[in-house]
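Novice: following is a predicted model, sequence given first.
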Amino acid sequence: MRRATIIVAFFMISTILFMPSGLSEPQTDGTAQVISSSESWNTNSELNGDVTVSDGATLTINSEITIATGTSIVVDSGANLVLNGALLAQETTSGVFMEVYNSTVVKPNFTGLVDSGTLRINMAKEYFTTMNVNITVGSTTIAWTGEEYIDYNLQFDGLPVNVSFSGFWQFPVWIESIQAFDSNGAIYTLQANEWEHNNGVLKSEEAEASYSIIINGNFESQQASMEWANLTCNGICSIENSTLSWSSPISVSENGTLSAKSSTINGSRTYEDIIVYDNAIINYDVETMVGTGGPTDMWVRLLSQRIISTNLKDAPAIAHFEGLGYQGITGDLTLDSEGKVDLGYNNNPILSKYLRMPEWLDGDGMHHQENATVLITLGGKANVWNGNSSVKLDPAPTIPYFTTSIPLPYVVVDSVIPEDQMGTANRGLGIMISVSNTGLVEVSTNIQCYEGDDLADVTTMFVSLQPGETKELPSTWYANSSGAKTLNCKALVPTMFNSLSEDLSQSIGTESEPVSFKDLDDSEDTSLILYSVIIIVMIVVAVLFSRISANKLMQVEEEEEEEEV
């Protein structure tokens, strides 16, 4: 008995030791499952319900899993998802079409068909009269004008048939299927995803994914396949020797990394196979990757925002940009009340997206980088404060948030010096005002002076200053009453600059030494009048004396002339 017990115990221990690390299976009842240890799914099955792979755990999928619509698989930070099998969508009701363009060539191959017959191209989408769509098979070209299908008489030789598209159209042209009818009436049908093509794009009327996979930890796809998935990579993702159908665009968030090689991505739901957000990292092997092709880019970098912050506060300013984004757009934007501008702002969401794309890899594997500049200029008036307060950003920033500083002038009244400490009210008193520009750009400004809170009566002062320059401005001060007074002077900054004014000039101004002004009294007036009268009398007497002397001289001369006669 003891020996039998030992044998049973040995087999129990062996069973435990050689048991797989996890026997978990995907749930089918819509409940949620948390995987907290290393587990493998090795049997083809269905999945209905959310799955979370928690920190420290690894889920390995080696089988085909058919996933119900709306299901999510979330891989937490520190967790791993390894896909060696296939993830399939349980419900796919939408048809598959091929969108064609000018110069697209599709190559349907009805293997083994050697016979005379008819080639039929079944069209989809609505026809518009502005379209000019020509379809060529062999030496025959037919213009499509809205028919459901176009037929060509053809001799099939067991080789692919070249169907070429040319012309011009602004609206989508889709091919639903291509059929061959042999001489016996047999029909052979190829769907849009069953032929080779050049510059065509697989499309679906369904724009939404069936289920979602969110990677916050690590994801590895090796010799696997995935269809109708919405894959978001917030962590580290690797795709190799795999096929993704209708599972793009793949989203790589700011902190994510995606490596892709020797794989195929087809049937993107947008015109991008991969969207790399902000500063996310992508390692994409152009030589071994196959993308959706045509106008669908292999990957694009999309900024979540494109804000430039400045030191201009709520002053009026304009940002002029050229060559910005995917389409190299040129335009102007006004800075907001915080001195910021969002270069990606546009009422049209598609244009906003293009403005936020500084880098992309097109469908042919060619890398592109925008060639953009941004000029930010502080507003000014015609004759004052119109210096070159601007900054040119070349190249334009390609990060979500960028801070720059626009050079500004700064006007300081260094001193206000009266010519005397005594003065008379309503009589001019000379003053000398010293003004400096300690800022970084030139400036032209008026200087304004005050007696207390009242505007002082001084002659107009206007000055132009280069950076670092100081000038002396002479002026005359007319005090309007007697008493001890001071003169406070500062630059006159236009009100349109709002709170930026404090960064352009001193807000308090510079005060002079006190000057004692007295009124002009009556005795002073009398003395002045008296002095004036004396001077006038002396002038009159001098004039009369001169005239009398002249008359006497003339009389003497006349008498002498008479005596000579």
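Specialist: All right, it came through fine. Numbers count the residues shown, from 1 in each chain.

Novice: which SS class is residue 391?
Specialist: Judged by DSSP: H, G, I helix; E, B strand; the rest coil, the three-state class of residue 391 is strand.

Novice: that one and residue 407 touch, don't they?
Specialist: Yes: contact criterion C-beta atoms under 8 Å: residue 391 and residue 407 qualify, at 7.0 Å. The way it works is simple: take the backbone N, C-alpha and C, and place the C-beta from them, glycine included.

Novice: of those two, who's got more company?
Specialist: The neighbour comparison of residue 391 against residue 407 (other C-beta atoms under 10 Å) goes to residue 391, with 18 against 15.

Novice: for that one, which non-adjacent residue is spatially closest?
Specialist: Computed as C-beta to C-beta, 6 or more residues apart in numbering, the closest residue to residue 391 that is not its neighbour in sequence is residue 406, at 5.0 Å.

Novice: which strand or helix spans residue 133?
Specialist: Here residue 133, judged by DSSP states H and E, is contained in strand 132-137.

Novice: and the very next helix or strand once past that strand, what's buried?
Specialist: The helix or strand immediately downstream of strand 132-137 is strand 140-144, counting by DSSP H and E. Within strand 140-144, the residues that count as buried by 16 or more other C-beta atoms under 10 Å are residue 144.

Novice: C-alpha coordinates for strand 140-144, PDB please?
Specialist: Listed next in PDB are the C-alpha coordinates belonging to strand 140-144 (Å, rounded to 0.1, in the frame of the first residue of the first chain):
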ATOM      1  CA  THR A 140     -10.000  48.600 -76.500                       C
ATOM      2  CA  THR A 141     -10.700  51.800 -74.400                       C
ATOM      3  CA  ILE A 142     -14.200  52.500 -73.100                       C
ATOM      4  CA  ALA A 143     -15.300  55.600 -71.200                       C
ATOM      5  CA  TRP A 144     -17.300  54.800 -68.000                       C
END
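
Novice: so the residue nearest to residue 274 when sequence neighbours are not counted versus residue 359, what's the distance?
Specialist: Distance criterion C-beta to C-beta, 6+ apart; nearest residue to residue 274, sequence neighbours excluded, is residue 299 at 3.8 Å. To residue 359, residue 299 is 9 Å away according to C-beta to C-beta, to the nearest Å.

Novice: how about residue 214?
Specialist: From residue 214 over to residue 359 the distance is 25 Å, taken as C-beta to C-beta.

Novice: please identify the helix or strand for residue 69.
Specialist: Per DSSP H and E: residue 69 is located in neither a helix nor a strand.

Novice: shaky segments in the stretch 451-565 of the chain?
Specialist: Along the stretch 451-565 of the chain, segments meeting pLDDT under 70 span 521-533, 537, 541, 543, 545-565.

Novice: rerun at 80
Specialist: 520-565 (pLDDT under 80).

Novice: helix/strand/coil for residue 544?
Specialist: Going by three-state DSSP: residue 544 is helix.

Novice: what's the local residue count around it?
Specialist: 10.

Novice: okay, it and residue 536: tell me how far apart.
Specialist: Counting by C-beta to C-beta, the gap from residue 544 to residue 536 is 13 Å.

Novice: what's the overlap in contacts for the two?
Specialist: With contacts defined as C-beta atoms under 8 Å, 6 or more residues apart in numbering, no residue is shared by residue 544 and residue 536.

Novice: quick one, what contacts the nearest residue to residue 358 once chain neighbours are set aside?
Specialist: The spatial neighbour of residue 358 that comes closest, neighbours along the chain excluded (C-beta to C-beta, 6+ apart), is residue 398 at 4.1 Å. Residue 398 sits next to 301, 303, 358, 359, 370 when contact means C-beta under 8 Å, 6+ apart.

Novice: which of the residues you listed tops the neighbour count?
Specialist: Tallying neighbours with other C-beta under 10 Å puts residue 303 at the head of the contacts of residue 398, with 24 neighbours.

Novice: not counting its neighbours along the chain, what's nearest it?
Specialist: Excluding the flanking residues, the one nearest residue 303 by C-beta to C-beta, 6+ apart is residue 356, at 4.3 Å.

Novice: number of residues surrounding the one you found?
Specialist: 26.

Novice: give the contact list for it.
Specialist: Counting by C-beta under 8 Å, 6+ apart, residue 356 makes contact with 302, 303, 304, 305, 306, 325, 343, 344.
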